[in-house]
Structures are given as C-alpha cells and as structure tokens.
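Novice: Sequence and predicted model, in that order:
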Amino acid sequence: MRSYNNTKKKDRREFFIHRMIYFFLLIFPSIMNGQTPADSAAVKILWKARGEIAESDLRQIDGLGKNRTTRIGELEATLQRVLGELQQRGFYFAQIDSVQRGATAATVYVNSKPRVRFSVAVQPTVDGNQGDLRGIDDEATLQLRLNNILADLARRGYPLANFSFDSITVVTENKVALATLHLKFDSGPMVRIDSVLIRGNHLTKRAVIARELPVQRGDLYDLAQVESIPERLKRLDFLQQPVALPQIALDSLGRYALQVAVVERNSNLFNGVAGYNPGDDRQKGFVTGLIDVKFGNLFGSGRELDAHWEKRDRQTQELALRYREPWVAGFPAHVAAGFQQTILDTSYVERRWDLTAELPLGSNFSASGHLARENLAPDSLTQVRFNLPRSNVTSVGASLRYDSTDDPLNPRRGIFYATTVEIGRKNSAPAGAARKNFSRDKISVDFQWLLPIYWPQVLSVAVHGRQVKSKAPPEIFVTDQFRFGGATTLRGYREEQFRGSRLAWSNLEYRYLLSQRTRAFVFFDAGYYSGFEYAGASMPLQQVENSVYAWGLGARVDTPLGIIGVDYGLGQGDPLTNGKVHISLVNRF
C-alpha cells in the first residue's frame, strides 16, 4: 500500500524551488582574498554595499550583534549566511566582490546585483486560483501561494494535486531581472475515502476512536476535516498527545484509505495530597490529606469511574464517587452520575446526588447541565447551637467550560475558564417551628492564564470566585457556604480553613520548567471571604469579612513513582518555621 502525505511535505509542496533557482540562477560566489586557517582571533566586520541594498540591511542580517565581531575561522560561514539571506529576499545574483582584512577588522564589499522579479506560468491553468500567482516579488511569497493553492484543492477533494518544475527563463531589462518560472500542474484524481484504518489501539475499541472522527467511509476527502482530527482526539485522555496527522494511502486495488495512527497510554490516574498543620500551645499538629483515583477507559470503552476521599481536619471526612458514560445512544453527548457524602464528627451528615449531561462544542469548549439533590441531617445539639435544621435542596444548573492548555500535568501555555450557575429550592424543618421553603442560588467562576515568558519560564495567573444567595432566612447555612484554604486553593493555611457566602482567591506563580514534567516555582496566593454566622445559641447574627494572603515555594518532580509535589506556604504573619507543608503524588497506572 502506497502512502501519501496529505499535508504536502516541504520537499513536495515547495517543488524544490530553492534548489532549482540556485541551479539556474547561480550563484553563490564567495571571493575570499588571502584567508588564513581558522584560529581563535576575533575580527570586526565592516560592510560596504553596492546595488539595491544598504549597509544597514547587511548589519541586520549578519547575526553578529552589537559588537560586530566574529572569529576568523567563522568569517566564511558569516559571509555565506549573509548571501543566503539576500537570496531569500530575491537577490539571487548577490556576491562578495572582495574582502580586505587587517589585523583586527575585515572590510567586506557586497554587490547585491539586480533583484529578481518573479512571474509564474502554469500549464494547464489552475481553475479559480490563477490570480493568486500574480504580483509575486520573492521566493517565500511564491512558495506560500503555491502551498495555499494546493491546500485549497485538498479541501475540495484533490489531496494529490501537485506542481512540477518545467523550466525557468531570466530576462534583464533596465537593470531589472525578470524570472519566469514554468510549472506543470496535475490535479490528480478526486479522492473519496473508501475506508478509515485506525492503528495502534491495542486496548481501546475501534468504535471509541472512530466516533470522534469527522470523516466516514464514502466521504469526499477534505483537508480541513482531516487536519481537525488531532484536535478532536485531544479530548481522549487515554491517547498520547499530540496525535499524528492522518495519512491517505492507496492499495493495490486503487482504493483510498485514511490511516489514523494513535499511541495509547495509561488511562488510570492516582492523585494523593498530604498536608501537615503545625500545632500551637493549645493543641498538637495534625495531618490532612486527600486521595483521588480515576479509572479511565474501562474495558477499552472510554467510560470513567472516579473515587475521592478527603480528610479536611480532625473531624471532617468526605467521600465521593462518580461514573461517566460517553456517547450515550451513539450521540456526542456524555452523561455522568455522582454521589458525595460529608461527615463532620457527630455534628451532621450531608449527602448529595447529581446527574450531569455534557455536550462538547468543538475541541476546547463544552457545555453541561445538571440536576442535583442534597440532604442534611444534623444532630439535635447542632440544630440549636448553629441554627442548622434538617433540610434538603433540589437544584438545576448549567456550566460552560473552555480549556486550551497544552498539558494537563505541566502546562506551558493556554487558558482555562469555567463558570457554573445553579438555581435551587431549599426545604428546611427548624426544631419547634414551621417548615420553610426558599431559594438558594450559587455561582462559581474559575480562570487561569498560562503565559510563557522566556523559555523555560512560565507565568501562571489564576482567579476564582464563589457566591451563594438565599432570600430567607437572612443568613446562609454553614453547609451552604463555600470553603477554601489548603493545598489546592490558598496554600499556607489549613484545608478549608475559611468559609463564607461570598469569596474569591487568586494564585500567582512564577514557574521555571526543568523538564517536560518537572518544574520549580514561587507563589503568592491571596483570598477574600465574607458572610454571616452565629457565634452561639444565644448570640446574635454576626457578619464576618476578611482578606488573607500567603506566599511560598514549591516543586513538581518527575520520578519513577510519578510526579511528586512539595509546597511550603507561609500564611499572613507566620514565621518562617511555622509554614504549612503540602506533599502530593500524581501517577498514571
């Protein structure tokens, strides 16, 4: 089976123009008067220009920097580089007239000769694209326009179209060189895809990958659709990225097959975080932590199962399970169901069930909607002390998500944005009072911008916001408030140390990338929270509002065990010896 590169690789799409023009126009003379063998002595280059170029142009392209010096052994390479740059700009007859070298300087006389003006003659003509070959001044423009013509033809079902070199004629009139490049054009056959071959999927079922592709058997070849395949397969976390561009191949029976080559990777993910909180005069220090385990691509079907366990503090534990079913009934929509339970010592138990439907909107966007049910069961003492009655909430919500980051574990560039709006009705039964029914609405916003500075440095800026509203009663119950603090939000503080009905925090990181999976960084985190709460059973309602910040340093190190992370954060007013340590491990298995 013969294989064709539908992207028209450079050695084919550029028609060897560079070599042809060099061969026919000729000309790479380099007159080196009295050059001696290479040594370590430095020499300053002084340019003298003749023709259509100026000496300032030569200084811009010689690559010597401000000191204008080079080693004697590198002088010839510098002259060749300058001539090459001039030829790229259309001065194909440019030459070095002479080099006068002294003890510390060399004066180079460059004659640009006339600049070559291009015209192109194609036989037979290219329907609808002939005008694109007019008004060409240099080789780079010619290559670009020819490539654009071939790309347009490939989008219309002619991926094998090509130009071949016939001849070139050069005429000089009024000191202007006019070069006519004669090309032969062959559109090739119109290609319909007879089959789609997926190679490299040892565990994943073929249908799981094929349903993500925008092309099917019998479709007319479309370059735009084929080029979109790597981006579409980027959604599949169990495939190594980037996915190679698919190729068109012709078998012995004259049938065309689109070959999609993939490489599978471990689809299961373990993420563990442990944090140590130093004690004080009243109590000893304690350890917090969380464990996330994701089983992806179950039985090669693309299905996912997630399990989460977290110990926030001495009294609080959380458990969550989630299952995701992709492509329900053969449609590009995904459904997920989840369960979450939070236990605060003997004070209360909170449970949440939700059902989510997700719809991808291109390679980076996705939209989703969810239906949720929450139940709160406090003990009798908690009901009185914290004004926390038994209650349940039924809510619906919608989310929009955008993710263009280039790597989920150590991203170098891109933007992440997500916003969720939730509207709910809460039904509560206070002890000794009539049952109440009122609204409870939530909104959350997350934004992160990864900006590469100078390689290998990256600046990460993240902003997050949360708010919950309720018309009655005036305060927001403790269980409805948002919490933050700790390893994933505000480092330098205990896990979920702060809570409020309205809060925001930001994370600023300067990262230095040491390898594909290793980085060191310094960070500055800041947060704000506000809300109402009861100080006790007989105390009036109090408003709480505060802002905090933290700073520190950390690292992510790629090891045989996985990516080990260590963060050391200092909260506002903390001495250097009283920082919070957060240790994490991320591993694919």
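Specialist: Happy to help now that I have it.
Novice: Using the record's assignment, carve the protein into domains.
Specialist: The chain breaks down into these structural domains: 2-20+115-186, 31-111, 195-261, 269-588 (assignment by automatic domain parsing).
Novice: Quote the end-to-end distance of the longest one.
Specialist: In terms of Cα to Cα, to the nearest Å, the two terminal residues of domain 269-588 are separated by 4 Å.
Novice: I'd like the numbering to begin with 10 instead of 1 from here.
Specialist: All right, first residue 10 from here; so that's domain 278-597.
Novice: gap between it and the chain center?
Specialist: For domain 278-597, the distance between its averaged C-alpha position and the chain's averaged C-alpha position is 22 Å (Cα atoms, centre = their mean, to the nearest Å).
Novice: Where is the longest strand in this structure?
Specialist: Using DSSP state E, we find that the single longest strand of the chain is strand 550-568.
Novice: Mean confidence (pLDDT) on the helix or strand that that one is followed by, please.
Specialist: On the C-terminal side of strand 550-568, the closest following helix or strand by DSSP states H and E is strand 571-580. Averaged over strand 571-580, pLDDT sits at 92.
Novice: Quick one: the helices in the stretch 310-459 of the chain, in order.
Specialist: For the stretch 310-459 of the chain, helices defined by DSSP state H, counting those that start in this stretch occupy the ranges 389-394.
Novice: Give me the below-cutoff pLDDT ranges for it.
Specialist: 440-441 (pLDDT under 70).
Novice: Please dump the domains of the chain into CSV; it should also carry mean neighbour count for every row.
Specialist: Placement of C-beta: from N, CA and C, glycine included. Listed next are the domains of the chain as CSV, based on neighbours: other Cβ atoms under 10 Å:
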stretch, mean neighbour count
domain 11-29+124-195, 16
domain 40-120, 15
domain 204-270, 16
domain 278-597, 16
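Novice: mean pLDDT for those domains: which is lowest?
Specialist: domain 11-29+124-195 - the lowest mean pLDDT of these, at a mean of 73.
Novice: In the sheet, which strands lie alongside the longest strand of the chain, parallel or antiparallel?
Specialist: Note on strand 550-568: by DSSP bridges, its sheet partners are strand 528-543 (antiparallel), strand 571-580 (antiparallel).
Novice: Could you list the alpha-carbon positions for it in CSV?
Specialist: Presented in CSV, the C-alpha positions along strand 550-568 are these (Å, rounded to 0.1, in the frame of the first residue of the first chain):
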residue,chain,number,x,y,z
LEU,A,550,-26.1,37.0,63.9
GLN,A,551,-22.6,38.3,63.1
GLN,A,552,-21.1,39.4,59.8
VAL,A,553,-17.6,38.1,59.0
GLU,A,554,-15.4,39.7,56.4
ASN,A,555,-11.7,39.3,55.9
SER,A,556,-8.8,39.1,53.4
VAL,A,557,-5.7,36.9,53.7
TYR,A,558,-2.6,36.1,51.8
ALA,A,559,0.2,33.6,51.7
TRP,A,560,3.5,33.0,49.9
GLY,A,561,6.0,30.3,49.5
LEU,A,562,7.8,28.0,47.1
GLY,A,563,7.4,24.5,45.7
ALA,A,564,8.4,21.9,43.1
ARG,A,565,7.0,19.2,40.9
VAL,A,566,9.5,16.4,40.2
ASP,A,567,9.0,13.6,37.8
THR,A,568,10.2,10.3,39.4
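Novice: I figured residue 268 hits residue 253, correct?
Specialist: No - in this structure residue 268 lies outside contact range of residue 253 using Cβ atoms under 8 Å: 9.5 Å.
Novice: Roughly how far does residue 426 sit from residue 449?
Specialist: 25 Å (Cβ to Cβ, to the nearest Å).
Novice: Off-centre distance for stretch 243-259?
Specialist: Stretch 243-259 sits 16 Å away from the centroid of its parent chain (Cα atoms, centre = their mean).
Novice: Quick one: end-to-end length of it, please.
Specialist: Terminal-residue distance, stretch 243-259 (Cα to Cα): 27 Å.
Novice: cool, stretch 382-402 as well?
Specialist: Stretch 382-402: ends 6 Å apart by Cα to Cα.
Novice: Stretch 231-241 too?
Specialist: So stretch 231-241: terminal residues 15 Å apart, Cα to Cα.
Novice: who touches it?
Specialist: With contact meaning Cβ atoms under 8 Å, 6 or more residues apart in numbering, stretch 231-241 is reached by 15-16, 160, 163-166, 168, 221-224, 228, 251-255, 267, 269, 372.
Novice: and what of stretch 340-348?
Specialist: 220, 329-337, 360-369.
Novice: Over to stretch 446-462?
Specialist: So stretch 446-462 is contacted by 402, 404, 406, 414, 420-437, 467-482, 489, 491 (Cβ under 8 Å, 6+ apart).
Novice: Next one: the closest residue in space to residue 556 that isn't next to it in sequence from residue 502, what distance?
Specialist: The shortest distance from residue 556 to any non-neighbouring residue, by Cβ to Cβ, 6 or more residues apart in numbering, is to residue 537 (4.5 Å). Distance from residue 537 to residue 502, counting by Cβ to Cβ: 13 Å.
Novice: if I look at these two, which residues touch both of them?
Specialist: residue 557.
Novice: quick one, what contacts the residue lying closest to residue 91 once chain neighbours are set aside?
Specialist: Taking Cβ to Cβ, 6+ apart, and ignoring the residues beside it in sequence, residue 91 has residue 71 as its nearest neighbour in space, at 5.4 Å. For residue 71, the contact set (Cβ under 8 Å, 6+ apart) comprises 54, 56, 77, 87, 90, 91.
Novice: Parallel or antiparallel, which strands does whatever helix or strand the first one lives in pair with?
Specialist: Secondary-structure element containing residue 54, defined by DSSP H and E: strand 51-59. Looking at strand 51-59 with DSSP bridges, its paired strands and their directions are strand 78-80 (antiparallel), strand 114-120 (parallel).
Novice: Can you dump the C-alpha atoms of that strand in CSV for me?
Specialist: Extracted in CSV, the C-alpha atoms of strand 51-59 (Å, rounded to 0.1, in the frame of the first residue of the first chain):
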residue,chain,number,x,y,z
ALA,A,51,38.4,37.9,16.7
VAL,A,52,37.8,40.3,13.8
LYS,A,53,35.4,43.1,13.4
ILE,A,54,33.2,43.1,10.2
LEU,A,55,32.7,46.4,8.3
TRP,A,56,30.2,46.2,5.4
LYS,A,57,30.4,48.1,2.2
ALA,A,58,27.3,47.7,0.0
ARG,A,59,26.7,48.2,-3.7
